[in-house]
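Structure of the sequence below:
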Amino acid sequence: MIGRIFRKTALILMVFVLFAASEVFSFDGHLEKFNGHREKFHHPDKHYPNEHPKKIHHAHRQRKRTHQNVLLTMPSGALSEEEKEALLYMREEEKLARDVYLTLYQRYGLMILANISESEQNHMDRVKMLIDRYGLEDPVKNEEEIGSFTNPQMAALYNDLVERGSTSEIEALKVGALIEDLDIHDLEEKLALTDKEDLQIVFKNLKSGSHNHLRAFVRALSAYGESYTPQYISQEEFEEIVGDVSHPSRRNGMIQLPAEEHHCQGEEKANFTFVPAIPVREEDRGMEAEMYALIYFREGKRWFLVSGENQVTPWSPGMELVPLARIKLGEAVRFPLITRPLNLNDLQGTFDVYFGYRPEGGPLVYTLRSLIFE
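Predicted coordinates:
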C-alpha cells in the first residue's frame, strides 16, 4: 500500500510540474514559518553517508579564518581559573550540541539538525582557537567521535538528550530548543566572568548564533502546532529572542488566509483536476508580484517544491529558494497546477498545498488547501 502511495505521489508531482503555468511558485528562505506545515525531509545519506555518526567528515570544517586573525591581534595576558574553566566547559557544550544534532539527524533526516550541526562545529572551532591561544589542554580528545566527552556531566546529558529526542521528531526539535536555551544561559554566565576582549567577542558570537538556532527550532515546532517553554532563560528573554514566530496568521511580513480542506472521492478522483485561486488584496492589485507554491505529502512525510517548469525539487525549511515567476496582480490569482484530468482512484492520503503571492515591498499572502483522497 505504501509503495502504491509513493508511486501515485510521484505521478501527482510530475503532473504538478508538466501542467503548471507561470503562476506556479516557490517559497522564500523562511517558509518554515508557515502555519500547519511540518519541517521534514528525510535524506540522511546526503551529508553523512553510511554512518551512524561515530565519525564525521572534515569537509564542513573548512572555514574562513578572518575572525581568528582579528582575535589573534588582541592582547592576551593570563586567564583566571574561572576563565579557563569557562573555555573548557563551552568547548564541550558546543560539542554536545553538535553531537546531539548529528545523532538525531541520522534518525529523522531533519535538515534543520544537519544545518545547525555545522554551525555548532564552527562554534567548537572558535572556542578551540582560544584554548590554543592560551595554551590550555583541549578537553575534546577526539573531535570526530560522537558522544565522547571528558566532562562526565556532558556525557550523561548527551545520553539523556538523545534518548528524549529519539521518541519523535517533535521531541527532537524540543531537544534542539532546550540545548540552545541552555547554551544562551551558560554563555551569559561565562560572559559575566570575564572582561577579556577576545573571550567576550567569541562568547557573544556564540550567543548570537544560539539566538538564531533557538528561533529556528521554535519556528519548526510552530509548524507542527507545538511550542517550547524555556527551562533556563526567563520567559521575557525568550520572547524577546523568538519574537512573534509562534503567531500563525500574521507574522514577520506574512499573512495567512483561511485554510480549507477538500475531500476527494468517487468521480472526482477518477477525473481529478486542481486549479486553485487566491483573492488579491485591494491594495495589492496592479502590482508586480512573485508567485510561490509548495506541496507536503503527509503520509510520506515529504516536502516538494515546484521549482520551475518540468522541475520538482525535494525541499525542507531553511533551504534557499528562488521564486519561479513574476506576474501583475489582478483581482485574483489562479494556479493551474493540474489542468488535465487524472485518474486517482487508487490514491489515499493527504497533500497539503501552500500557494500565495508576494507583491513588491509587501507581505507574503498565502493559503493552504488540504487535498484529502479517500
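
From the contact counts, what lies against whichever helix or strand residue 261 is part of?
Assigning secondary structure by DSSP states H and E places residue 261 in strand 260-264. Using 3 or more Cβ pairs under 8 Å, 6 or more residues apart in numbering; DSSP states H and E as the contact criterion, the elements in contact with strand 260-264 are strand 364-373. Where C-beta positions appear, they are placed from N, C-alpha and C, glycine not excepted.

Low-confidence bits of the stretch 51-200 of the chain, can you list those?
The model of the stretch 51-200 of the chain has pLDDT under 70 over residues 51-76.

how about the strands in it?
Along the stretch 51-200 of the chain, counting by DSSP state E, counting those that start in this stretch, no stretch forms strands.

where do the helices sit along it?
66-72, 81-108, 111-133, 152-165, 169-191, 197-223 (DSSP state H, counting those that start in this stretch).

mind checking how far the one residue sitting closest to the centre of the chain is from residue 101?
With distances taken as Cα atoms, centre = their mean, residue 112 lies nearest the centre of the chain, 3.7 Å away. Note on residue 112: its distance to residue 101, by Cβ to Cβ, to the nearest Å, is 9 Å.

try residue 329
Applying Cβ to Cβ to residue 329 and residue 101 gives a distance of 41 Å.

likewise residue 294?
On the measure of Cβ to Cβ, residue 294 and residue 101 end up 24 Å apart.

The two - which one has more neighbours?
residue 101 (29 against 24; other Cβ atoms under 10 Å).

and the closest residue in space to that one that isn't next to it in sequence, how many neighbours?
Nearest non-adjacent residue to residue 101, counting by Cβ to Cβ, 6 or more residues apart in numbering: residue 117, 3.9 Å away. Residue 117 has 24 neighbours, counted by other Cβ under 10 Å.

mind listing what residue 117 touches?
Shown in contact with residue 117 (Cβ atoms under 8 Å, 6 or more residues apart in numbering): 97, 98, 101, 102, 105.

Scan these and report the most crowded one.
residue 101 (29 neighbours).

Could you report the separation of it from residue 172?
Distance from residue 101 to residue 172, by Cβ to Cβ: 9 Å.

so what sits against both of the two?
Joint contacts of residue 101 and residue 172 (Cβ under 8 Å, 6+ apart) are residue 113.

Overlap in contacts, residue 112 and residue 101.
residue 176.

so residue 228, which of the three states?
coil (DSSP: H, G, I helix; E, B strand; the rest coil).

neighbours around it, how many?
21.

Check residue 332 too.
10.

And for residue 93?
26.

Am I right that it is in contact with residue 154?
Yes. Residue 93 is within contact range of residue 154, at 6.9 Å (criterion: Cβ atoms under 8 Å).
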